[in-house]
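K.L.:
coords below, sequence missing:
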């Protein structure tokens, strides 16, 4: 069932994310070291360059790595690091083919609870704990995928009413709030690191 998303802030890109489980997984994978909107617009760009209406895990998994990397690097590039991210997307698709017969939705379709779903997500190539928790929160908050204990498994990203991650983006206003939260978190981490460094060196 398709859902209405506003992650890429582009109608065609968001439409694909809302109806394609694989596109959503790939968008989340690409969400690092680039603006969130650019990352989530990536699946639509890849599909267009493949001449397809959706992403196909079997097709991507079987592609020549150099050919797929070239597709990512073509201007405008799909990602700031097209070579490495093309490799990660291909590894993700190969994993889905091997473990889920290429069916991305099977990752969460029958998950018995939030903890099990989190474990399935963290097993995916390119998905660490934080990325997995954010995607779990996105599934729960916007896709209606809510196995027992999903909020707890998603950690702080599962909390209601916050603006911590892409899971909380429903339009331009919430995007601004999430971006502000990320900046605050980054500055706090920087200040903590500086304080620790000063402590170690004995300066103040």
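P.N.:
Thanks, I have it. From a predicted model like this one, the values you see are computed outputs, not experimental measurements.
K.L.:
shaky segments in the chain?
P.N.:
1, 200-204 (pLDDT under 70).
K.L.:
middle-most residue in it, spatially?
P.N.:
residue 28 (1.0 Å; C-alpha atoms, centre = their mean).
K.L.:
any figure for the gap between it and residue 59?
P.N.:
Taking C-beta to C-beta, to the nearest Å as the measure, residue 28 falls 20 Å from residue 59. Heads up, the C-betas are built off the backbone N, CA and C, glycines and all.
K.L.:
likewise for residue 21?
P.N.:
15 Å.
K.L.:
give me the more crowded residue out of these two.
P.N.:
residue 21 (22 against 13; other C-beta atoms under 10 Å).
K.L.:
how about the helix or strand hosting residue 67: buried residues?
P.N.:
Here residue 67 sits within helix 65-73, counting by DSSP states H and E. For helix 65-73, a neighbour-count test (16 or more other C-beta atoms under 10 Å) marks 68-69, 71-72 as buried.
K.L.:
now swap in stretch 174-184 and tell me
P.N.:
Under 16+ other C-beta under 10 Å, the buried positions of stretch 174-184 are 175, 178.
K.L.:
just give the nearest non-adjacent residue to the residue nearest to the centre of the chain, would you?
P.N.:
residue 135 (4.8 Å; C-beta to C-beta, 6 or more residues apart in numbering).
K.L.:
for that neighbour, grab phi and psi.
P.N.:
phi -70, psi -40 (degrees, to the nearest 10).
K.L.:
quickly note the distance from residue 128 to residue 28.
P.N.:
Between residue 128 and residue 28 the distance is 11 Å, computed by C-beta to C-beta.
K.L.:
so residue 73 is in contact with residue 84, correct?
P.N.:
No - look at residue 73 against residue 84 with C-beta atoms under 8 Å: they stay out of range, at 11.0 Å.
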